[in-house]
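>>> following is a predicted model, sequence given first.
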Amino acid sequence: MRLILIQVQKTKVDVETAMVALDRLLKANELNFTLLTMLPAVLLLVVLLRQARRLLAKRAHLAFDDVHSTIRAHLRYARKCI
């Protein structure tokens with residue numbers, strides 16, 4: 001009975017030592033875990049911003065084409081009138 005109690009106490013100390021080591025490891029890598037959890041959100045934000053920029057550039061390009069064609073039409077008309 002005494003040997004079993006000693007063995008249980010030794011196992012308890014070993015588990016406690018392992019938990020302390022694991023706790024130190026987790027605290028040392030806390031920044032890494034934070035960055036890894038933020039990475040998908042940052043990547044999603046970058047993709048959304050690129051898509052929005054592409055969409056706005058496309059709209060601006062279309063608006064520029066409309067203005068450009070309107071100016072060309074007016075200049076052609078003005079040249080014919082002269």
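Happy to help now that I have it.
>>> every contact and neighbour count from this point should use C-alpha atoms.
Will do.
>>> what about the protein, any weak spots by pLDDT?
82 (pLDDT under 70).
>>> closest to the centroid, which residue in it?
What sits nearest the mean C-alpha location of the chain, by CA atoms, centre = their mean, is residue 42, with 1.5 Å.
>>> give me the neighbour count for residue 26.
13 (other CA atoms under 10 Å).
>>> quick one on the thing from earlier: check contacts around the residue nearest to the centre of the chain.
Not one residue lies near residue 42 by CA atoms under 8 Å, 6 or more residues apart in numbering.
>>> try it again with 10 Å
35, 48 (CA atoms under 10 Å, 6 or more residues apart in numbering).
>>> mind checking how far it is from residue 16?
Residue 42 sits 38 Å away from residue 16, going by CA to CA, to the nearest Å.
>>> what do you get for residue 5?
Using CA to CA, we find residue 5 at a distance of 16 Å from residue 16.
>>> next one: residue 79
92 Å.
>>> do a quick rundown of the strands in the chain.
In the chain, no strands are defined using DSSP state E.
>>> and the longest helix for it?
When the chain is scanned for its longest helix (criterion: DSSP state H), the result is helix 30-81.
>>> next one: that one to chain centre, how far?
Remark: helix 30-81 is offset 20 Å from the chain centroid, using CA atoms, centre = their mean, to the nearest Å.
>>> now do stretch 10-27
Distance of stretch 10-27 from its chain centroid, counting by CA atoms, centre = their mean, is 34 Å.
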